[in-house]
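here is my input, please return the structure:
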Amino acid sequence: MTNNNNYDKQAFEEAFDEVHMKFILNLPDEELASSDRIFFQLEQAWWFYDDFICDANTATAKKLPRFKHMKPFSLAMFNFSPLLQ
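Numbering: from 1, shown residues only. This is a model prediction of the structure:
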């Protein structure tokens, strides 16, 4: 995550909730049991967050943290998602 702690926490939670719903919540149980499949979905989720949420609306994006790499995004999603804990 960027070192900027001045992001809108509500906007971030809404964005992560959308990504979580699209990429994690709807996974079949068989895929949730496979770490390879989970990390494939996390990679897709990271690109979606970066390309379609952060880049889509620059006014909102300025309020959201950017993740330079997949690892910090994945850690944040693991902390966010009860399914991944």
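
residues near P72, how many?
15 (other Cβ atoms under 10 Å). All C-beta atoms are positioned from the backbone trio N, CA, C, and that covers glycine.

using the three-state scheme, assign it.
Here P72 is recorded as helix under DSSP: H, G, I helix; E, B strand; the rest coil.

quick check: it vs E31, distance?
Distance, P72 to E31, using Cβ to Cβ, to the nearest Å: 23 Å.

point out where the chain drops to low pLDDT.
By pLDDT under 70, the weakly predicted segments of the chain are 1-5, 57-62.

which stretches in it count as helices?
With DSSP state H as the criterion, the chain has helices at 9-20, 29-32, 35-48, 58-61, 70-80.

which residues does the third one contact?
Read it as helix 35-48. 19-20, 22-24, 27, 30-32, 67, 70, 73-74, 77, 84 (Cβ atoms under 8 Å, 6 or more residues apart in numbering).

looking at those, point me to the pair that's furthest apart.
Farthest pair in those (Cβ to Cβ) is E30 and F67. Separation: 27.7 Å.

looking at those two, which one has more neighbours?
F67 (19 against 8).

surely that one meets F73?
Yes: if you go by Cβ atoms under 8 Å, F67 and F73 touch, sitting 4.0 Å apart.

show me the contacts for the residue of the chain positioned farthest from its centre.
Distance from the C-alpha centroid of the chain, by Cα atoms, centre = their mean, peaks at E30 (21.0 Å). In this structure, E30 makes contact with R37, judged by Cβ under 8 Å, 6+ apart.

and the gap between it and L83?
Separation of E30 from L83 (Cβ to Cβ) stands at 14 Å.

and if you look at W47?
According to Cβ to Cβ, W47 stands 20 Å off from L83.
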